[in-house]
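Asks: Any chance you could fold what I've pasted below:
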Amino acid sequence: MPKTLFISDLHLAESHPRTTDAFLRFTRDIAPSADALYILGDLFEYWVGDDSLDLPFHHTIIDALASIAANGTALFFMHGNRDFLLGQAFCDACHGILLADPTLIDLYGNPTLLMHGDTLCTDDVEYMNFRAMVRDQSWQAHFLAKTLQERQTIVQELRDKSEEATKAKPMEITDVAAPTVEATLQRFGYPRLIHGHTHRPATHIHWVDGHACQRWVLTDWYEDRSGYLEVTPNGWSARSLD
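Replies: Numbering: from 1, shown residues only. As a prediction, the model looks like this:
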């Protein structure tokens, strides 16, 4: 039976060996049976440019993904808020396709909108301003002109500041804004929605202009948690890796 898988927010890094082991097990035992795998952002804890492809840790992840593609599983990537500098060289190495955020697909007859999810968190004005800055082409060109080591240092500093700022924010600010979700669903014709980013895995129903729209929030892979969304022509199921 046809099968499509969705994951996000793995935040892979050498400092998270248990998550890396879980991902490698996923690529070995689960993903090869799927027709397609969609990674909806934050595959890595951070990505400072495609010139880091040759780092040993990145090689390990790329080789695992390339093996899935070689087995016949179509690979699709979407930028997250941590790995928005993933480029064409990375996708070529994995034999995958980089998608725009958002992207509307037909999923076994169901119009389905794919997003990372951060653009739905419009109540977090501080983050939205930061996102606009780092997604600016001139900012990225200036950043990528620095040495690899300089970029890694800058990213570490930004991560530390971001974690402190997030702790100080009310929980509701860092979640999606319902009016933004509903306006997005209306704009794309009332599809189902799959996203990550918030680290609040759940299934929601949004009533928009009389349409009941499902919103599936993918699980993050922090600590001991890991999982994926499995979709077949017969249904949708959130599954744990354990």
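Asks: Would you mind listing the outside residues contacting the strand or helix carrying P179?
Replies: Per DSSP states H and E, P179 falls inside helix 178-187. Contacts of helix 178-187 from elsewhere in the structure, counted by Cβ atoms under 8 Å, 6 or more residues apart in numbering, are 102, 113, 115, 119-122, 191, 193, 206, 208-209, 211, 213, 215. No exception for glycine: its C-beta is placed from N, CA and C like everyone else's.
Asks: Can you say which of those residues are buried?
Replies: The neighbour-count criterion (16 or more other Cβ atoms under 10 Å) marks 102, 113, 115, 119-122, 191, 193, 206, 213, 215 among these as buried.
Asks: Run the chain-centre distance for the helix or strand that contains S67.
Replies: S67 is part of helix 56-71 when elements are defined by DSSP H and E. On the basis of Cα atoms, centre = their mean, to the nearest Å, the separation between the geometric centre of helix 56-71 and that of its chain is 17 Å.
Asks: For the remainder of this discussion, apply numbering that starts at 54.
Replies: Sounds good: first residue 54 from here, last item helix 109-124.
Asks: what angle do the helix or strand just after that helix and helix 109-124 make?
Replies: Using DSSP H and E, the next helix or strand after helix 109-124 towards the C-terminus is strand 127-131. Taking axes from the mean of the first three to the mean of the last three Cα atoms, to 10 degrees, strand 127-131 and helix 109-124 form an angle of 140 degrees between their directions.
Asks: what does strand 127-131 rub up against?
Replies: Residues from elsewhere that reach strand 127-131, judged by Cβ under 8 Å, 6+ apart: 61, 88-94, 96, 118, 121-122, 139, 143-144, 147-154, 156, 167-169.
Asks: Looking at those, which are in strands?
Replies: Within these, residues falling in strands by DSSP state E are 89-92, 150-152, 156, 167.
Asks: Let me know the closest of these to W192.
Replies: L151 (19.4 Å; Cβ to Cβ).
Asks: So what's the residue count around that closest one?
Replies: 16 (other Cβ atoms under 10 Å).
Asks: who's it bridged to?
Replies: With DSSP bridges applied, L151 shows beta-bridge pairing to F130.
Asks: how about it, what does it touch?
Replies: Taking Cβ under 8 Å, 6+ apart as the definition of contact, the neighbours of L151 are 129-132, 139-141, 144.
Asks: Which of those residues ranks first by neighbour count?
Replies: Compared across the contacts of L151, M131 has the highest neighbour count, 26 neighbours, by other Cβ under 10 Å.
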